[in-house]
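1. Show me how the following folds:
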Amino acid sequence: MNDKLSIDSNNIIENNENELIFEDLTNDSLNKIIEKNIEKIEFYSEIIKISEYISLLSFFIFLILLCIKLSPKGNFNWLYLNIPTIITLLGIILILNSFFIIKNLIDKSENPNNTNIEKGNFISIISLNFIGICLIVFLFLVTLRLNDYINNKNDLNLIFIPFYISLIIFFLFGIFISPAFINNGLYFEIVFFFLYLLSGFLFSGLLCKKVNNKNQLNNNNKLKYFHCFIPLYFCIGGHIFYFIFNMIFDKMKNIGYNFYSNLISISGLILIFISFLITQLKEDNIINNKNHFIQIIFLIISFILFSFDFIINQIINDDNEQRQEIE
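-> Here you go, the predicted structure:
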């Protein structure tokens, strides 16, 4: 009996020692994975920061060029506008790729044996890169049509095919990432994601129909540009109410900067709405003004507001990170 107890106790001690050794080995391997990946994570984080500023600058240059192009002095080729827009898109693609690479490195550190997460990140990267390629092709086709290199009498939907493909992939990607948004409580964000996709489909479809009607490719004379812009107005209005709700919520919690950040966002959205409204009223011949650069000025001011808000957020986040490192 005593011999049996001593054997059992020895087995228990050996098992506990083996478990401790296994845990130490597991922790060591995890620490090695984290240490190995930390430099890569910092490297891709730096790429994200640089790409963000390059994208902001290139899009600002695009707006300036567009404003000049629509002014009386804009006698240059539409294709020149592709340079800053492509740089902007490539910057956004680089940001998204870097984000999912970082996510993959972190997931590997936390779940080294889970291959499903790695596959999910790989699918995300492939999808977003393909969307970027489609949008670049779409931009080239639009500028070629604006320069009359593509016959204006052709169905505009043919030009929009790459854009439609990108929206479809975005929709599938949205379904794919919806569980992650829901698990993190990002309900408004996922609603707005699909709302923007739906608005993109409706706006592009109605716009193509209206332009085709203008070129006598169909006989729907009741359709106006106002109807085309309704989905965009609906999106902007929804987002303004969302920011107003955030402002009221932040005011109740006495949160300072978030209140002003939401106020800046609302101001920027109102300027975008004014720009769209002026464009729509001109196209519907309600306003007779050929100075089309005016609405682009509103977009430039809106972009400056959003950029200012973004830069302030970056500075605050950097300060918080530095304080955490010191502590």
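2. List the residues that contact Phe308.
-> Listed by C-beta atoms under 8 Å, 6 or more residues apart in numbering, the contact partners of Phe308 are Ile264. Placement of C-beta: from N, CA and C, glycine included.
3. per-residue confidence at it?
-> Phe308 carries a pLDDT value of 87.
4. tell me the SS of it?
-> Classification of Phe308 using DSSP: H, G, I helix; E, B strand; the rest coil returns helix.
5. mind checking how far it is from Ile301?
-> For Phe308, the distance to Ile301 equals 11 Å [C-beta to C-beta, to the nearest Å].
6. do Gln280 as well
-> 19 Å.
7. and if you look at Lys210?
-> Noted for Lys210: a distance of 28 Å to Ile301, by C-beta to C-beta.
8. Same drill for those two, tell me which one is more crowded.
-> Lys210 (21 against 17; other C-beta atoms under 10 Å).
9. so the more buried one, which of the three states?
-> Lys210 is classified as helix under three-state DSSP.
10. got it, and Leu223?
-> Assignment for Leu223 (three-state DSSP): coil.
11. In contact with it: list those residues for me.
-> Leu223 makes contact with 206, 209-210, 213, according to C-beta under 8 Å, 6+ apart.
12. give me the low-pLDDT residue ranges for this structure?
-> Where the chain drops to pLDDT under 70, the residues are 1-36, 111-117, 216-221, 250-257, 318-327.
13. and it, what are its domains?
-> The chain breaks down into these domains under automatic domain parsing: 46-150, 224-319.
14. now do the same end-to-end measure for the first one.
-> With C-alpha to C-alpha, to the nearest Å applied, domain 46-150 spans 41 Å between its terminal residues.
15. From the centroid of the chain, which residue is nearest?
-> The chain has Ile92 as the residue nearest its centroid, 7.7 Å off, counting by C-alpha atoms, centre = their mean.
16. Quick check: next helix or strand after the helix or strand containing that residue?
-> In this structure, Ile92 sits in helix 82-110 according to DSSP states H and E. Using DSSP H and E, the next helix or strand after helix 82-110 towards the C-terminus is helix 115-146.
17. helices or strands up against that following helix?
-> helix 82-110, helix 156-159, helix 161-183 (3 or more C-beta pairs under 8 Å, 6 or more residues apart in numbering; DSSP states H and E).
18. Which of those helices has the highest mean neighbour count?
-> Counting by mean count of other C-beta atoms under 10 Å, helix 82-110 has the highest mean neighbour count of the helices and strands packed on helix 115-146, with a mean of 18.
19. What are the buried residues along stretch 278-293?
-> Neighbour counts using 16 or more other C-beta atoms under 10 Å place 278-283, 292-293 of stretch 278-293 among the buried residues.
20. tell me which of those is nearest to Trp78?
-> Set against Trp78, the nearest of the buried residues of stretch 278-293 by C-beta to C-beta is His292 (13.5 Å).
21. what's near enough to touch that closest one?
-> His292 neighbours (C-beta under 8 Å, 6+ apart): 70, 279, 282.
22. which ones among these are found in helices?
-> The helices, defined by DSSP state H, take in 279, 282 from the contacts of His292.
23. can you put the contacts of His292 in CSV and add distance to Ser58?
-> Formatted as CSV, these follow (distance: C-beta to C-beta, whole Å):
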residue, distance to Ser58
Leu70, 19
Thr279, 23
Lys282, 27
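24. The closest residue to Ile125 other than its chain neighbours and Phe249: what is the separation?
-> Counting by C-beta to C-beta, 6 or more residues apart in numbering, Ile125 lies nearest to Phe100, which is 5.1 Å off, once chain neighbours are set aside. According to C-beta to C-beta, Phe100 stands 31 Å off from Phe249.
25. What of Ser265?
-> Distance of Ser265 to Phe249, computed by C-beta to C-beta: 14 Å.
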